[in-house]
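Q: Sequence first, then the predicted structure:
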Amino acid sequence: MRKIRKGDTVAILAGKDKGQSGKVLRMARDGEAVIVEGWNKVKKHVKARREGEQGGIQDREAPIHISNVALVSPTTGKPVRVGFQTVDTANGPKKVRVVHKTGEVLDPVG
């Protein structure tokens, strides 16, 4: 289980876009990096692959190492550290993500 997942809102802690926040579009490179919507843009030179397709220079989001982002708390809107707890449910114990400082459960328990 990862502390940051696809769909989470994260704050960027280091790099050229430090201080910005955005949604995680996908995990990259075996979970060691994330691609954040709208940030860490790079220029990519693309060659036309098919007849009629346009080549050129595109702006794309590049991966950011997972150590350089922090999950944003849904209640406070601030970057937080994440830990894990085991919660008892009707289907047995379930591992969930929790905010270190407040103990707030981030995952739905069902």
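A: Good, I have the coordinates. Residues are numbered from 1 along each chain as shown.

Q: Strands of the chain, start to end?
A: With DSSP state E as the definition, the chain shows strands at residue ranges 9-12, 21-28, 33-36, 41-46, 56-61, 64-65, 69-72, 79-80, 82-89, 92-99.

Q: Tell me which of those strands sits most buried.
A: Compared across those, strand 33-36 shows the largest average neighbour count, a mean of 22 (mean count of other Cβ atoms under 10 Å). Yep, even glycine has a C-beta here, placed from its N, CA and C like the rest.

Q: can you list the strands of the chain in TSV and add mean pLDDT and distance to V109?
A: Formatted as TSV, those follow (pLDDT from 0 to 100; distance: least, Cβ to Cβ, whole Å):
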stretch	mean pLDDT	distance to V109
strand 9-12	97	20
strand 21-28	95	22
strand 33-36	96	24
strand 41-46	96	37
strand 56-61	95	32
strand 64-65	96	29
strand 69-72	96	18
strand 79-80	96	18
strand 82-89	93	5
strand 92-99	94	6
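
Q: Break this structure into its domains for me.
A: With domains defined by automatic domain parsing, the chain comprises 1-72, 75-110.

Q: nearest to K3, of the strands of the chain?
A: strand 82-89 (4.3 Å; Cβ to Cβ).
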